[in-house]
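Peer 1: Build me a structure from this.
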Amino acid sequence: MNLFSADKVLSDFVEKAYIRLLEAGYTVNSENIKEIPYGVTLKTGKSEKDLISAAIYHTEKKGFSVVTADSEIKSLLLSLITNVGTLGSDEAGKGDIFGPLVVCSFLMGEKEEVLLKLGAKDSKRMKNEEILDIYEKINADFRDSFSMVRIMPERYNSFYQNLAEQGKNLTDLLAWAHSKAISNVVAKRNDVKRVLVDKFTPSYSANARITAAAGGIPVDFQVRAEQDPAVAIASVIARAGYLISLRQISETLLENKFSLIPGSGAESDKLLEEISASYGHDIFDKIAKTHFANFERIL
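Peer 2: Take a look at the predicted model:
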């Protein structure tokens with residue numbers, strides 16, 4: 001029988017959270033733990049007179065999330081999701097025609113646990129302003145906690161062409177970038193205990209290359225790995241690097257006449273046509289991923 005929720009995974013997590021809060025000196029009344037749609041609410045605090053509400057949500061698709069006004073409680077609960085010493089790795093820009101491909105590996109060590117209170121989650125569920133704000137804070141004080149590999153369009157297109165001539169594809173490029181980011185962090189930190197990669201391919205050779213880059217540290221490949229805070233923060237840093245690059249390309253190569261956008265849909269097609277009319281086709285090798293099907297549709 002599940003004690004707190006019909007969702008066994010959630011119920012087990014709430015039980016761990018209950019114990020962790022008590023160990024940290026918080027008061028938790030089990031009678032105040034209530035099941036709600038997709039989650040559980042509870043009230044906790046340092047005393048019965050100072051109780052604060054917290055909600056823990058869980059779905060198979062999105063994983064766990066914690067909502068509370070108290071950053072210390074939020075950090076404490078989120079620390080249950082990840083293991084200290086986890087090096088998370090994720091990418092951004094893979095499905096965006098403009099801008100670079102960016103991969104980031106981020107280590108959730110003991111000193112990085114304070115970042116849990118920032119509220120980082122899968123970057124696809126965050127606004128650009130939130131992403132850039134969190135990145136600014138991490139980049140200021142935790143430079144040795146991550147490595148970002150940014151492959152700008154001109155270099156990306158050259159890599160992609162060379163790989164295609166060898167019968168390889170984007171998977172191989174991603175494997176190289178993840179391997180580079182992971183090995184960079186492993187080289188400068190001695191507290192990496194586990195590597196967790198947001199799984200992007202079933203390819204044995206690609207995953208073997210990444211595993212080798214970890215230098216004997218256990219490596220896990222998981223679908224929707226952003227549920228782990230280490231991977232979530234890696235995804236935020238990677239997306240921030242991508243967004244910053246879009247802005248820089250717009251300012252320098254396009255002289256602020258056009259603002260590049262994420263994505264690869266109809267708005268991107270329209271922007272491609274407008275840029276082509278002003279700069280010609282040659283500019284695209286420097287600002288876009290030229291193997292995208294968009295070019296076949298509009299050029």
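Peer 1: C-alpha only now, for contacts and for neighbours.
Peer 2: Noted.
Peer 1: Nearest to the spatial middle of the chain, which residue is it?
Peer 2: The centre of the chain sits closest to residue 235, judged by Cα atoms, centre = their mean, with a distance of 1.6 Å.
Peer 1: before we move on, what SS does the residue nearest to it when sequence neighbours are not counted have?
Peer 2: In space, and not counting its chain neighbours, residue 235 is closest to residue 90: 5.2 Å by Cα to Cα, 6 or more residues apart in numbering. Under the three-state scheme (DSSP: H, G, I helix; E, B strand; the rest coil), residue 90 adopts strand.
Peer 1: Can you get me a residue count around residue 90?
Peer 2: 32 (other Cα atoms under 10 Å).
Peer 1: Look up the residues forming beta bridges with it.
Peer 2: Beta-bridge pairing for residue 90 (DSSP bridges): residue 104.
Peer 1: right, and it touches residue 238 too?
Peer 2: Yes. Counting by Cα atoms under 8 Å, residue 238 is a contact partner of residue 90 at 7.1 Å.
Peer 1: what do the two both touch?
Peer 2: Residues touching both residue 90 and residue 238 by Cα atoms under 8 Å, 6 or more residues apart in numbering: 103, 104.
Peer 1: so which strand or helix has the spatially closest residue to residue 294 that is not a sequence neighbour?
Peer 2: Spatially, and ignoring its direct neighbours in sequence, residue 294 is nearest to residue 269 (6.3 Å; Cα to Cα, 6+ apart). Per DSSP states H and E, residue 269 falls inside helix 266-279.
Peer 1: Give me the mean pLDDT for that helix.
Peer 2: The pLDDT scores in helix 266-279 average 96.
Peer 1: Then stretch 69-85?
Peer 2: 81.
Peer 1: Also stretch 114-133?
Peer 2: For stretch 114-133, the mean per-residue pLDDT is 83.
Peer 1: for it, the distance to its chain's centre please.
Peer 2: 9 Å (Cα atoms, centre = their mean, to the nearest Å).
Peer 1: picking up where we left off before, any idea how far the helix holding residue 269 is from the chain center?
Peer 2: Centroid displacement of helix 266-279 relative to its chain, using Cα atoms, centre = their mean, is 29 Å.
Peer 1: which secondary structure elements does it contact?
Peer 2: helix 294-298 (3 or more Cα pairs under 8 Å, 6 or more residues apart in numbering; DSSP states H and E).
Peer 1: Return the distance of the helix it packs on from the chain's centre.
Peer 2: Relative to its parent chain, helix 294-298 has a centroid offset of 30 Å by Cα atoms, centre = their mean.
Peer 1: Report the buried residues of it.
Peer 2: For helix 294-298, the neighbour count (16 or more other Cα atoms under 10 Å) marks 294, 295 as buried.
Peer 1: ok, and what's touching it?
Peer 2: 264, 269, 272, 273.
Peer 1: So which other helices or strands are in contact with the longest helix that the chain contains?
Peer 2: Longest helix in the chain by number of residues (criterion: DSSP state H): helix 229-252. Secondary-structure packing of helix 229-252 (3+ Cα pairs under 8 Å, 6+ apart): strand 86-92, strand 101-108, helix 128-141, strand 146-151, strand 194-198.
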